[in-house]
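A.B. asks: Here is the input, now give the coordinates:
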Amino acid sequence: MSHDGSRRRLRRFVLLVLAAAAALSPAGAQTTGERSRASVRNARYCEIIPVVRDGIHLVATVYNTLGLNDCPAAVWDGITEEPLKQRFGAIKVMRNGPRYFLMDTITGEGSTAAGETIDVDGLSMTKRATINLSLTELGEGPYHERTINRETRYVFEAGKPVFVLVAPNGSRYAMQAYAQIVDKTLSYDDMPKLGTRLKLPQGWQYTVLVPDKDLVVGAQGKATVVQDELDNTYRKLN
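C.D. replies: Residues are numbered from 1 along each chain as shown. Below is the predicted model of the structure:
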């Protein structure tokens, strides 16, 4: 496999593992029990993910803008990888975003503590998660499942569209966030007809579901996610 191909696999794998890894509590706060962020549909956020080698493992740390700012383009576009690699001693620093949530409320349970808030070239970001990754389990390409640890629940409100991938075996995956990474012009208005642009594998479908009651997608400790070729992320419906 080419070096570029390996980097793409690493990037896709890390982004799947850290999909929507934003902590739900405010920066610097620690909470016990249930915590929520409401009205996040089409909310814009960005992440940087330094990846550091530790023996046979990679350690990926996610910092994001959720709850701090909406990742203004003038600042985000000026952030480059090389200075950040030196800052974090990383083999790679991924710029993940801009992304936009597609659920209406994110709710989690248990205890969490957001980490330090740092300045990245004028953009405030908070440390949200650190994940150990094995070098032997780099991810597959688009439309392949990856199961990750996740305690959060997503609520898609009744009467609002949910954008869904359907696999040949009938499994359904609700889009949790769309990305302006591959297509920098992608917008919420593009979602209803996105299926005409995707290179769906044989037997896959893209559809729009409008639930007549709130659709709750619960992880119960595990969540199965896939991405399409535009780096949009979907979560399997239970």
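A.B. asks: ranges for the helices of the protein?
C.D. replies: 3-17, 73-76, 81-88 (DSSP state H).
A.B. asks: what sits opposite T224 in the beta ladder?
C.D. replies: Per DSSP bridges, residues listed as beta-bridge partners of T224: T147.
A.B. asks: Quick one: residues contacting it.
C.D. replies: E145, R146, T147, I148, Y173, R235, K236 (CB atoms under 8 Å, 6 or more residues apart in numbering). For every residue, glycine as well, the C-beta is placed using N, CA and C.
A.B. asks: if you set the cut-off to 6 Å instead, what comes out?
C.D. replies: T224 makes contact with E145, T147, K236 under the criterion CB atoms under 6 Å, 6 or more residues apart in numbering.
A.B. asks: Let me know whether the last one touches M175 as I believe.
C.D. replies: No: contact status for K236 versus M175: not in contact, 11.5 Å apart, counting by CB atoms under 6 Å.
A.B. asks: which of the two has more neighbours?
C.D. replies: Looking at K236 and M175 with other CB atoms under 10 Å, you find the greater number of neighbours at M175, namely 24 against 19.
A.B. asks: Leaving out chain neighbours, which residue sits closest to that one?
C.D. replies: The shortest distance from M175 to any residue other than its chain neighbours is 4.2 Å, reached at F163 (CB to CB, 6 or more residues apart in numbering).
A.B. asks: where does that neighbour land on pLDDT?
C.D. replies: On pLDDT, F163 comes in at 98.
A.B. asks: before we move on, what about V14?
C.D. replies: Confidence at V14, expressed as pLDDT, is 60.
A.B. asks: Same question for Q202.
C.D. replies: 96.
A.B. asks: Find the nearest non-adjacent residue to it, please.
C.D. replies: The spatial neighbour of Q202 that comes closest, neighbours along the chain excluded (CB to CB, 6+ apart), is P168 at 7.6 Å.
A.B. asks: same question, Y154
C.D. replies: On the basis of CB to CB, 6+ apart, the spatially nearest residue to Y154 that is not a chain neighbour turns out to be M103, at 3.9 Å.
A.B. asks: before we move on, what about R44?
C.D. replies: Taking CB to CB, 6+ apart as the measure, R44 lies nearest to D70, with 4.7 Å between them; neighbours along the chain are not counted.
A.B. asks: Relative to L230, how far out is the nearest residue to L237 once chain neighbours are set aside?
C.D. replies: What sits nearest to L237 in space, not counting adjacent residues and going by CB to CB, 6+ apart, is R172, at 4.6 Å. Distance of R172 to L230, computed by CB to CB, to the nearest Å: 19 Å.
A.B. asks: And A60, by the same measure?
C.D. replies: The gap separating A60 from L230 is 22 Å, by CB to CB.
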